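Undergrad: make a model of this:
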Amino acid sequence: MRPAGRRDAGTLGLAVTDLASLVRISEEVRDALEREVAVVALETTLIAHGFPAPDGVEVGLEAEAAVRAAGAVPATVGVLDGHVRLGLGADELARFGVDARKAGPRDLAACAVQGAVGATTVGGTLSVAGLVGIHFLGTGGIGGVHRGYAARPDVSPDLPALARTPILVAASGAKSLLDIQATVELLETLGIPVLGYRTDTLPRFYSAEGGPELAHRVESAAEAARIAAAHWRLCGAGLVLANPPPESLDVADLIEEGLAEADARGVSGQAVTPFVLAFLHERSAGRTLEVNRKLVLANARLAAEVAVAFAAL
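TA: Numbers count the residues shown, from 1 in each chain. From the prediction side, this is the model:
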């Protein structure tokens, strides 16, 4: 089954040869897409900036293993050697270190043309996955509306990418250093359904409890797949499947301290998230890192389960 509104080279006004000069798909991923086997996209920002080396590469490989264990094919996305790549080997994943550029939708072309290593964010991964017909993505948490929006407008490009791309994203809510309530409101405005996976409230990334109430709850991967199929038939685009973290940890006070420290040091823009993550890791004696690792793997597995159920429809 293919969702209505699928984008391809034709709708983008690109010849197949033009697209091939920019995008390279591994043989495994290409074969899976041609056979309409379940495929799950995975990002590389988690590898480069979400965990300290060498943990990031280990988590990336474990996420791929979780996707395979659920019966789907992983397609980790990143920019390497002048190409946007889908499907990366272990040696290639190891190249996504802390110096990799954070590659959102605006950055893909520049990274490719300039030969930079580009670690794709959720938004960047969505853009690439949607281009080739992948409809499921697993990650830690999506971006959203940053705190203090009234004084300094800052909204993650993850949200507009979701609004235009027919992909279901399994995530443990939005990143907990954001304005969660404003993010939920903007998701509604953009027509992006948020489905609670066996929960009535939006997970707060590290914490399973305390988030805003959700309008929709699902009890199984198969139910989420059926809703996604119906949403896409109705010309909808992205969906978020909110999966509570397997281990819950309340770090609200630490997040406030981390954000205050970032502000005091003049850290801003894309540098805030990795700074605060490192702050939390240090102050929690590594507990946030372990919770983050577990939820990333749980979301990769859940995305794969939904992809497999969708492929069977």
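
Undergrad: and the longest helix for the protein?
TA: As assigned by DSSP state H, the longest helix anywhere in the chain is helix 287-311.

Undergrad: what about the strands in the stretch 101-250 of the chain?
TA: 101-103, 118-120, 136-138, 168-171, 194-197, 216-218, 239-242 (DSSP state E, counting those that start in this stretch).

Undergrad: can you tell which of those strands is closest to residue 260?
TA: Among those, strand 101-103 comes nearest to residue 260, with 22.9 Å by Cβ to Cβ. C-beta coordinates here come from the backbone N, C-alpha and C atoms, glycine included.

Undergrad: and that closest one, how far out from the chain middle?
TA: Remark: strand 101-103 is offset 14 Å from the chain centroid, using Cα atoms, centre = their mean, to the nearest Å.

Undergrad: kindly state the beta-bridge partners for the spatially closest residue to residue 152 that is not a sequence neighbour.
TA: Distances taken as Cβ to Cβ, 6 or more residues apart in numbering put residue 146 closest to residue 152, at 7.7 Å, once the chain neighbours are dropped. Note on residue 146: beta-bridge partners by DSSP bridges are residue 178.

Undergrad: so what's residue 146 scoring on pLDDT?
TA: Note on residue 146: pLDDT of 88.

Undergrad: about what we covered before: give the buried residues for the longest helix of the chain.
TA: For helix 287-311, burial by neighbour count (16 or more other Cβ atoms under 10 Å) applies to 287-289, 291-293, 295-311.

Undergrad: over to stretch 271-291?
TA: Buried residues in stretch 271-291, counted by 16+ other Cβ under 10 Å: 272-281, 283-284, 287-289, 291.

Undergrad: the residues you listed: which two are farthest apart?
TA: The most widely separated members of those, counting by Cβ to Cβ, are 272 and 287 (20.9 Å).

Undergrad: so what's the residue lying closest to residue 127 once chain neighbours are set aside up against?
TA: Of all residues not flanking residue 127 in the chain, residue 105 sits nearest, at 4.5 Å (Cβ to Cβ, 6+ apart). Shown in contact with residue 105 (Cβ atoms under 8 Å, 6 or more residues apart in numbering): 123, 124, 126, 127, 157, 160, 161.

Undergrad: farthest-separated two in those residues?
TA: Among the contacts of residue 105, 124 and 160 lie farthest apart (Cβ to Cβ), at 12.2 Å.

Undergrad: and the helices in the stretch 1-150 of the chain, which stretches?
TA: Here the stretch 1-150 of the chain has its helices, by DSSP state H, counting those that start in this stretch, at 16-20, 27-34, 45, 55-69, 90-93, 108-114, 122-132.

Undergrad: helices and strands of the protein: which one bottoms out on pLDDT?
TA: Least confident element among the helices and strands of the chain, by mean pLDDT, DSSP states H and E: helix 16-20 (a mean of 63).

Undergrad: can you lay out the contacts of residue 105 as JSON lines showing distance to residue 72, neighbour count and pLDDT?
TA: Shown next, in JSON lines, are those (distance: Cβ to Cβ, whole Å; neighbours: other Cβ atoms under 10 Å; pLDDT from 0 to 100):
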{"residue": "123", "distance to residue 72": "22", "neighbour count": "26", "pLDDT": "98"}
{"residue": "124", "distance to residue 72": "21", "neighbour count": "29", "pLDDT": "98"}
{"residue": "126", "distance to residue 72": "17", "neighbour count": "33", "pLDDT": "98"}
{"residue": "127", "distance to residue 72": "20", "neighbour count": "24", "pLDDT": "97"}
{"residue": "157", "distance to residue 72": "26", "neighbour count": "18", "pLDDT": "96"}
{"residue": "160", "distance to residue 72": "26", "neighbour count": "17", "pLDDT": "97"}
{"residue": "161", "distance to residue 72": "21", "neighbour count": "26", "pLDDT": "98"}
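
Undergrad: ok, longest strand in the chain?
TA: strand 73-80 (DSSP state E).

Undergrad: partners of it, with directions?
TA: Short version: by DSSP bridges, strand 73-80 pairs with strand 39-42 (parallel), strand 83-86 (antiparallel), strand 118-120 (antiparallel).

Undergrad: average pLDDT across it?
TA: 98.

Undergrad: what angle do that strand and helix 55-69 make?
TA: Strand 73-80 runs at 150 degrees relative to helix 55-69, counting by axes from the mean of the first three to the mean of the last three Cα atoms, to 10 degrees.

Undergrad: how about strand 73-80 as PDB, C-alpha atoms only?
TA: The C-alpha coordinates for strand 73-80 follow below in PDB (Å, rounded to 0.1, in the frame of the first residue of the first chain):
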ATOM      1  CA  VAL A  73      14.800  -2.800   7.000                       C
ATOM      2  CA  PRO A  74      16.700   0.200   8.600                       C
ATOM      3  CA  ALA A  75      17.600   3.100   6.400                       C
ATOM      4  CA  THR A  76      19.900   5.400   8.400                       C
ATOM      5  CA  VAL A  77      20.100   8.800   6.600                       C
ATOM      6  CA  GLY A  78      23.100  11.200   6.400                       C
ATOM      7  CA  VAL A  79      25.100  13.300   4.100                       C
ATOM      8  CA  LEU A  80      28.600  11.800   3.100                       C
END
